[in-house]
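Chemist: structure, please.
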Amino acid sequence: MPNNKLKEKVAALTRVVQHLIKEVQRNATVSQGTLSALQISLGKEEWDKVIKELQDRELKQQKEKKEKKLELDVE
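Modeler: Numbers count the residues shown, from 1 in each chain. Here you go, the predicted model:
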């Protein structure tokens with residue numbers, strides 16, 4: 001009897017994980033489509049500007065995080 005319950009629980013968890021995987025795949029597809037639509041609507045030059053700005057922001061944030069880690073409180 002306990003073995004059957006364990007099998008049922010494993011099967012239920014398997015179904016849940018499979019559902020989650022499908023949902024993640026759908027979300028990835030929607031996000032890729034949205035990104036492509038945005039890219040097409042902006043045009044190549046404007047898109048390149050946006051990408052460059054995002055890269056600059058990311059580098060700035062990484063640099064700020066690194067600098068905060070180096071701060072030492074000496075009393």
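
Chemist: use CA for all of it now, contacts and neighbours both
Modeler: Noted.

Chemist: for the helix or strand harbouring residue 25, what is the distance to the chain centroid?
Modeler: Assessed by DSSP states H and E, residue 25 sits inside helix 2-42. Remark: helix 2-42 is offset 14 Å from the chain centroid, using Cα atoms, centre = their mean, to the nearest Å.

Chemist: now for the helix or strand following that helix, which elements pack on it?
Modeler: Using DSSP H and E, the helix or strand that follows helix 2-42 towards the C-terminus is helix 44-70. If contacts are counted by 3 or more Cα pairs under 8 Å, 6 or more residues apart in numbering; DSSP states H and E, helix 44-70 sits against no helix or strand.

Chemist: quick check: mean pLDDT of helix 44-70?
Modeler: Averaging pLDDT along helix 44-70 gives 88.

Chemist: kindly report the same for stretch 9-27.
Modeler: pLDDT averaged over stretch 9-27 gives 97.

Chemist: just the CA coordinates for that stretch, please, in CSV.
Modeler: The C-alpha atoms that make up stretch 9-27 are tabulated as CSV, following Å, rounded to 0.1, in the frame of the first residue of the first chain:
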residue,chain,number,x,y,z
LYS,A,9,3.0,11.0,-5.6
VAL,A,10,5.9,10.6,-8.0
ALA,A,11,3.5,10.5,-10.9
ALA,A,12,1.7,13.6,-9.7
LEU,A,13,5.0,15.5,-9.3
THR,A,14,6.1,14.3,-12.7
ARG,A,15,2.9,15.8,-14.2
VAL,A,16,3.4,19.1,-12.4
VAL,A,17,7.0,19.4,-13.6
GLN,A,18,6.0,18.6,-17.2
HIS,A,19,3.3,21.2,-17.0
LEU,A,20,5.8,23.8,-15.6
ILE,A,21,8.3,23.0,-18.4
LYS,A,22,5.6,23.5,-21.0
GLU,A,23,4.7,26.8,-19.4
VAL,A,24,8.3,28.0,-19.3
GLN,A,25,8.6,27.1,-23.0
ARG,A,26,5.4,29.0,-23.9
ASN,A,27,6.7,32.0,-21.9
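
Chemist: distance check, residue 16 against residue 62.
Modeler: Distance of residue 16 to residue 62, given as Cα to Cα, to the nearest Å: 36 Å.

Chemist: no further queries at this time; thank you.
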